[in-house]
Every structure is written in C-alpha cells, then in structure tokens.
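Visitor: Give me the fold of what follows.
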Amino acid sequence: MPEFSFDALRRFPDVEAENLFASDAADRLLLDEAAPALEATVAHPGRVVVIGDDYGALTLAAAAVIGVDGIRVHQDPLSGERALDANARRLGGDSLVGRYRHLPLGRELLEGATVVLLRLPRGLAELDAQARAIAAWAEPGVVVYAAGRVKHMTIAMNEVLGRSFGTVGATLARQKSRVLVASAPREGVLPAEPECETHPEAGLTLCAVPGAFAGAKLDIGTRFLLEHLEGANPDARVAVDLGCGTGALAVRLARTRPELRVIATDQSAAAVDSTRLTASANGVELEVVRDDALSGFEPGSADLVLLNPPFHVGSTVHAGIALKLFEAAGRVLASGGELWTVFNSHLAYRAALLRAVGPTRQVARNAKFTVMASTRR
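Guide: Here you go, the predicted model:
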C-alpha cells in the first residue's frame, strides 16, 4: 500500500496523552488486507462502509491512498466523528472532507455496500448488532474485513460473525493484530432489537441498544449514586445527567422532581438512543442530547450535574476522560451549583474535583465506591 502518514493523525478533541494513539497496527493490517477489494470500488463510489474507525485512520487512508469516494462512516462516539473531521481538514482540506459522510447504524449506512471495514468492538452484543445490520442491508456479495488487536480478540467473535455470514475466516497475525473476513450473508437475518429489563429495587426499567455501556443492567456505581440523590441541590432548576448511559439517573430525577428541567447527554449514539427508550419505558419526558463533554452547553446554564465517569480510554486505564468531564461540569455549573459524582474509591478524585469545580465533600462511601458533591464557587 502506498505511504500514508498514520503518525500525523490526532485524537483531538478526545483525550490526548503520550500513551494514547490515534491509530495502531490493526488499522494498517486491515487496510493492507482490504486493499484489492477497495481498489475494485474506486470506479463505483458509495460502495464502501467504515464502522468503528476510532479517529479516521481507515476512512482517510482509503480516500487519500486508494482513491475511494463516497465512503459512509459510522462511529458511535461523537468525539470520533469530530476527530475524523479535524484530521481530514488538517491533512487534506476539502479534498478529504468531501469524500465521506457520517451516518447512524442502519439501512442508509449499509444499503448498496460491497466492502465493509470494521474495527472489532469489545462487546459481543455490539458486534452481533453490526453483523446483523450488514447482513440485513448490504449487498449479497458484501465482504467484511474486521480487525482488532489479538489480545482483545476471542474465538467467540468468529462465532458471532458466523450467525450472520456463511463464511468466516482469519488472516495471519501481524504486529499482534489480526483480520477476520466474513462474506456470504445468511438469508433472513434481521437487525438487532433493543433489550429492556426492569429493576424493582431501583423502581426503573432500563432499555439498551447494543453497544450501550452495561446494556439493560443497572451499573453498580450508578446504583450507589441513585441511593443518595435525594440530597442533590434541592434548589436546582436545571439538571444534567452527563454521560447518561442508558438514562437511569436522568429518569430518576425526572420522575421524583418534576419541577426540574432534566437534560441527558452522552457522546455515544448508542447511549442517546438507549436513554430515549428508557425514558419512554418509564413514562417520563427528557431532553436527550448527543454531545461531547457539554461542548454545546452555555457556561453557568446548569444547577446540578450528575456523573458516573469512565475510568478508562478504550482499553487503556486512564483518568483523562474523568478529568475532562469534571472540567466541563465546572464550566457549565452556575455559582452554587453542584456536581454529584460516583467513582471507584481508589481513584481519589477529590483534589481534581476541588480544582475543576470547588469545595468537595464526601456524601457516601462503601467497599468499592465513593459519592462526592462538589459546589461551584
């Protein structure tokens, strides 16, 4: 494959650090393995779909090096979409920006596709949903090239792909990466359906589309925060569930404090779709917004922010996202507003919360989690 500067790609606006990278060896291997199939589409724009391209390596290399046009791209995190756009502008300007478009996972993304480049997700349910969608909507002759790092791959991934495709094989490994190749979609495969589960102890029904964190289960950190929400800023008028997941915190607030304007936000498309389903299942109305770290919110526009932050970036344990979200909450909270957050106790976030928001007190602590309330100065 001709030279392409993967090293010039950036993760921005996602968290950047020396041990976090915008591309890896699996991207390079995937493009090498798929190159002949991609070259065959150059004369037929709109036949290539890319799913799970973290920061644009697959999309931009296919466009810039091989000459593919009309690429349709699905990325679950909004930060990934924005990073792809930023990399395209910086590395190629209009010549790259106009070569692809963002779409949700569905018929419009996949109809007419003959080649799909896929970065394997960590969750089998998400992979199953992606495979089902491809088999249901792409061309019968579609070929799927699905890459990952060997340490994160299991034989179960082959089995999941085999439910939707008649032929599944694997390439030789290179630089601790491997590509699964799937073809011959099975007839009658239908797109995946969301799941819902009732949690009587929390008084909630949670719904989730594949790929949403924790699925329809109630995350234990969220469960602990739910137990202590009654004391959260009783004078609040506007509350934000930041990183809403499947919407448990937002729905509880909307149900128990109907005077509040409750806004649920997450950068994950799966989370946003799930929260809307959860709100409907519980008979409440919410404002649900796909947004990255409150970038679309005005300073001082909220009185209460609830947060159960992730403690990893992809497969790397890293505090960067939590710190980014603390700073976002500090910017958006009005004076006297409160950030209520739950986290694994060993992470010791008090100092970071004090810097980003203001005076911080411990609300509750058990063997694993701590709930803190920080007040905006």
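Visitor: And the helices in the chain?
Guide: For the chain, the helices defined by DSSP state H occupy 25-39, 57-61, 78-92, 94-97, 107-110, 124-137, 155-164, 220-226, 248-256, 269-281, 320-332, 350-356.
Visitor: top strand in the chain by residue count?
Guide: Ordering each strand of the chain by length in residues (DSSP state E) puts strand 333-344 first.
Visitor: Which residues outside that one are in contact with it?
Guide: Residues outside strand 333-344 that contact it (C-beta atoms under 8 Å, 6 or more residues apart in numbering) are 221-222, 224-225, 228-229, 232-233, 236, 300-309, 311, 322, 326, 329-330, 349, 353, 357, 363, 368-377. Any C-beta I mention is one placed from the backbone N, CA and C, and that applies to glycine too.
Visitor: PyMOL command for the buried members of those residues?
Guide: Buried residues among the contacts of strand 333-344 (16 or more other C-beta atoms under 10 Å), as a PyMOL selection:
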select buried, resi 221+222+224+225+229+232+233+236+302+303+304+305+306+307+308+309+311+322+326+329+330+349+353+357+363+369+370+371+372+373+374+375+376
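Visitor: coming back round to it: how about the helices of the chain in CSV, adding mean pLDDT?
Guide: Listed next are those as CSV, based on pLDDT from 0 to 100:
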stretch, mean pLDDT
helix 25-39, 97
helix 57-61, 96
helix 78-92, 94
helix 94-97, 83
helix 107-110, 98
helix 124-137, 97
helix 155-164, 98
helix 220-226, 96
helix 248-256, 97
helix 269-281, 98
helix 320-332, 93
helix 350-356, 95
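Visitor: Of these, flag the one that's most buried.
Guide: Comparing the helices of the chain by mean neighbour count (mean count of other C-beta atoms under 10 Å), helix 57-61 ranks first with a mean of 27.
Visitor: Which residues does that one contact?
Guide: 1, 4, 6, 9, 22-23, 27, 30-31, 50, 53, 71, 73, 84, 87-88, 91-92, 96, 99-100, 117, 119.
Visitor: just stretch 360-368 next, same as before
Guide: Residues from elsewhere that reach stretch 360-368, judged by C-beta under 8 Å, 6+ apart: 220, 224, 227-228, 231, 340, 344-345, 350, 353-354, 370-375.
Visitor: let's go with 10 Å and repeat that
Guide: If you take C-beta atoms under 10 Å, 6 or more residues apart in numbering as the criterion, stretch 360-368 is touched by 220-221, 224-225, 227-229, 231-232, 339-346, 349-354, 370-375.
Visitor: can you count the residues close to the nearest residue to residue 139 once chain neighbours are set aside?
Guide: Nearest-residue entry for residue 139: residue 114, 5.1 Å, with adjacent residues in sequence omitted and distances by C-beta to C-beta, 6 or more residues apart in numbering. The number of residues packed near residue 114 is 18, by other C-beta atoms under 10 Å.
Visitor: Then residue 213?
Guide: Residue 213 has 20 neighbouring residues, counting by other C-beta under 10 Å.
Visitor: got a pLDDT number for it?
Guide: On pLDDT, residue 213 comes in at 90.
Visitor: distance of the nearest residue to it once chain neighbours are set aside from residue 98?
Guide: Nearest residue to residue 213 in three dimensions, chain neighbours excluded: residue 245, at 5.1 Å (C-beta to C-beta, 6+ apart). Applying C-beta to C-beta, to the nearest Å, the value for residue 245 to residue 98 is 34 Å.
Visitor: out of those two, which sits in the more crowded spot?
Guide: Applying other C-beta under 10 Å to residue 245 and residue 98 shows that residue 245 carries more neighbours, namely 28 against 13.
Visitor: Any chance of the backbone angles for that one?
Guide: phi 60, psi -120 (degrees, to the nearest 10).
Visitor: That one and residue 63: what is the separation?
Guide: Taken as C-beta to C-beta, the span from residue 245 to residue 63 is 33 Å.
Visitor: circling back to that earlier point, the residue nearest to residue 213 contacts residue 214, doesn't it?
Guide: Yes - the pair residue 245 / residue 214 is scored as a contact, 6.7 Å apart, by C-beta atoms under 10 Å.
Visitor: Overlap in contacts, those two.
Guide: 206, 208, 222, 274.
Visitor: give the contact list for the second one.
Guide: Yep, that's residue 208 we're talking about. For residue 208, counting by C-beta under 10 Å, 6+ apart, the contacting residues are 125, 194-197, 214-217, 245-247, 270-271, 273-275, 277-278.
Visitor: Apply 8 Å and report the result again.
Guide: Applying C-beta under 8 Å, 6+ apart to residue 208 gives the contacts 194, 195, 196, 214, 215, 216, 246, 270, 274, 277, 278.
Visitor: Next, the first one: phi, psi?
Guide: The reference is to residue 194. When read as degrees, to the nearest 10, the backbone of residue 194 gives phi -70, psi 160.
Visitor: Residue 40 versus the residue lying closest to it once chain neighbours are set aside, what's the distance?
Guide: Residue nearest to residue 194 in three dimensions, not counting chain neighbours: residue 209, with 4.7 Å by C-beta to C-beta, 6+ apart. Note on residue 209: its distance to residue 40, by C-beta to C-beta, is 33 Å.
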